[in-house]
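Build the 3D model from these lines:
(one chain, ligands or ions: 1)
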Amino acid sequence: MINFLNLQAINAQYQDELKSACAKVIDSGWYVMGQELESFEDEFSKYCRVKNAIGVANGLDALILVLRAWKELGKLKDGDEVIVPANTYIASILAITENNLIPVFVEPDTKSFNLCPINVRKAITEKTKVILPVHLYGLISPMVELMSIAKEFDLLVLEDCAQAHGASIDGKKAGSWGDAAGFSFYPGKNLGALGDAGAVTTNDDELAKTVKALRNYGSHKKYENLYQGINSRLDEIQAAMLRVKLKYLDKETERRKFIAKKYCTQINNSLIQLPIWDEDEQHVFHLFVIQTSKRDDFQEYLNLNGIQTVIHYPIPPHKQKAYSHFNLLSLPLTEEIHQRVLSLPIDPTMSIESVNQIIKVVNEFE
Ligand SMILES: *Cc1c(COP(=O)(O)O)cnc(C)c1O
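Modelled structure (predicted):
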């Protein structure tokens, strides 16, 4: 079986460094809010070329805490609208509703799977306060166009970068375009911890200060609480693991891109629609997502031929039971995408033989 993603093999590449970094934390006797976190925040902010990075417990909290901070700073209030791609992962929507804000589901561009500036414009109302672009599957959203719409209508921009560490447009990285961004370091993400972790990035110092307080009970200063915050800290062991893995992120991304290009040049089957992107720097291939009208048959065929695949995602957020009040919304493009997509393995540790085998099997599907 060719696995979809082999986390054990990914982390085994760095096991000596990971184990010694872990041992260093154990021996230090300091486990939460220490030197490893500070160093990781510094290194990750430099990587994203942004002024501030704030470590938090996971990617969902990163998004929740930015919106919450904007509320505390008086920039948002209950009932304000957030424009978001309808085909995103549920976490982008949970961050909005958790803050008593209203998600406005916008149909994506069916080629890029990302927010389409024309549809964003159409969705703007008096109540719109935020655009939340999701750089889905690793492809950065059209940020030049989206930032210009945000400027024109005085909207805040929160990037969901959970799948797009290191993607860029003209050298400007995901996480440095909007007013703020949320990253996830869930183990399966391109930069993955060995447990849950996340970060907020922003060039806005006031926002950074507020998120720092909110992640730590709402406290800027020990035993003084300005806000009713939460506990969403990134612990020292995970920060230490991430410092090791950040050093190899670009190398792993190159490997993902190499596999993606091989798929794109060698898969040749009229039933399979391959991903499309403009510039090399824009896509970091968290996922390699193809589309086909015979999706379920194709997945079963690959499985019978020893290739594990995953559907990202089978049910769109507005059709989930958790959001029953949105179930009647009609978003035909989004619903069609969920019927057609399938993710092929794009594990950076995959052997070239496995990649060739996948290409051969895909080409023989009929
Ligand atoms: C993974 C993911 C999140 C949430 O990150 P967690 O660390 O799992 O909480 C948010 N948005 C998108 C698009 C994701 O893929």
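
quick one: contacts for the residue of the chain found nearest the ligand?
Here the residue of the chain nearest the ligand is residue 59; by C-beta to the nearest ligand atom that distance is 2.4 Å. (Each C-beta comes from the backbone N, C-alpha and C, glycine too.) Residue 59 sits next to 91, 162, 182, 183, 184, 185, 186, 189, 198 when contact means C-beta atoms under 8 Å, 6 or more residues apart in numbering.

of these, list those near the ligand.
91, 162, 184, 186, 198 (C-beta under 6 Å from any ligand atom).

Could you export those residues as CSV, including secondary structure, neighbour count and pLDDT?
Shown next, in CSV, are the ones next to the ligand among the contacts of residue 59 (DSSP: H, G, I helix; E, B strand; the rest coil; neighbours: other C-beta atoms under 10 Å; pLDDT from 0 to 100):
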residue, secondary structure, neighbour count, pLDDT
91, helix, 21, 98
162, coil, 28, 98
184, strand, 29, 98
186, coil, 18, 98
198, strand, 29, 98
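
Let me have those in TSV, extended by distance to residue 280.
Listed next are those as TSV, based on distance: C-beta to C-beta, whole Å:
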residue	distance to residue 280
91	28
162	21
184	24
186	25
198	27
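
What strand or helix carries residue 240?
Element membership for residue 240, per DSSP states H and E: helix 236-246.

neighbouring contacts of that helix?
With contact meaning C-beta under 8 Å, 6+ apart, helix 236-246 is reached by 14, 17-18, 21-22, 24-25, 28, 30-37, 39-40, 43-44, 47, 55, 185, 191-197.

how does it look with 7 Å?
14, 17-18, 21-22, 24-25, 30-32, 34, 36-37, 39-40, 43-44, 47, 55, 185, 191-195, 197 (C-beta atoms under 7 Å, 6 or more residues apart in numbering).

Could you do stretch 36-44 as well?
25, 53, 54, 55, 199, 234, 236, 239, 240, 242, 243, 246.

mind listing the helices for the stretch 101-250 of the chain?
If DSSP state H, counting those that start in this stretch is used as the criterion, the helices of the stretch 101-250 of the chain fall at 117-123, 143-153, 205-214, 236-246, 249-266.

What residue spans form the domains of this structure?
Domains of the chain are assigned by the TED database as 7-242, 249-364.

With distance to residue 1 added, can I get the ones you listed in a markdown table?
Converted to a markdown table, the domains of the chain look like this (distance: least, C-beta to C-beta, whole Å):
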| stretch | distance to residue 1 |
| --- | --- |
| domain 7-242 | 13 |
| domain 249-364 | 5 |
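
which one of those is the most hemmed in?
domain 7-242 (a mean of 20; mean count of other C-beta atoms under 10 Å).

distance between the ends of that domain?
14 Å (C-alpha to C-alpha, to the nearest Å).

ok so, going back, what about the contacts of helix 236-246, which are in strands?
residue 55 (DSSP state E).
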